[in-house]
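> this one's structure only:
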């Protein structure tokens with residue numbers, strides 16, 4: 001999944017602003033290790049500074065939201081019965 005870095009409230013964040021990145025690891029206290037697509041630079045940042053890029057890996061462009069819902073909801077929509085409910 002590709003994300004866009006959106007914070008720009010200090011010098012370092014202004015340099016990262018608008019660049020696309022991929023999350024390599026999620027840490028404690030809502031942090032993430034990301035790698036920027038253009039340069040391969042790695043940074044430890046707040047996950048609050050990330051926004052999904054529309055259209056990447058099927059997000060937001062195909063109209064099918066079953067992957068974003070609970071798996072049992074997709075089963076019910078298909079006419080089946082969700083296990084354990």
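That came through, no problem. These numbers come from a predicted model, not from an experiment. Numbering: from 1, shown residues only.

> dump the residue contacts of the nearest residue to residue 20 once chain neighbours are set aside.
In this structure, residue 20 finds its nearest non-sequential neighbour in residue 37, 4.6 Å apart by CB to CB, 6 or more residues apart in numbering. No exception for glycine: its C-beta is placed from N, CA and C like everyone else's. Counting by CB atoms under 8 Å, 6 or more residues apart in numbering, residue 37 makes contact with 2, 19-22.

> return the helix or strand in the chain with minimum mean pLDDT.
When the helices and strands of the chain are scored by mean pLDDT, DSSP states H and E, helix 71-77 comes last with a mean of 52.

> ok, the contacts of residue 37 vs residue 42, which is closest?
residue 21 (9.1 Å; CB to CB).

> make sure the closest one is indeed in a strand.
Yes - assessed by DSSP: H, G, I helix; E, B strand; the rest coil, residue 21 belongs to a strand.

> how far away is it from residue 15?
Distance, residue 21 to residue 15, using CB to CB, to the nearest Å: 13 Å.

> who has more neighbours, these two?
Each of residue 21 and residue 15 has its neighbours counted (other CB atoms under 10 Å); residue 21 has more, 24 against 12.

> quick check: the more buried one touching residue 33?
No - at 9.9 Å, residue 21 does not count as touching residue 33 under the criterion of CB atoms under 8 Å.

> got a list of what residue 36 touches?
5, 16, 19-21, 42-43.

> could you rerun that using 7 Å?
19, 21 (CB atoms under 7 Å, 6 or more residues apart in numbering).

> endpoints of stretch 17-29, how far apart?
21 Å (CA to CA, to the nearest Å).

> ok, residues contacting that stretch?
2-8, 32-38, 47, 53.

> quick one: buried ones out of the residues you listed?
2-5, 32, 34, 53 (16 or more other CB atoms under 10 Å).
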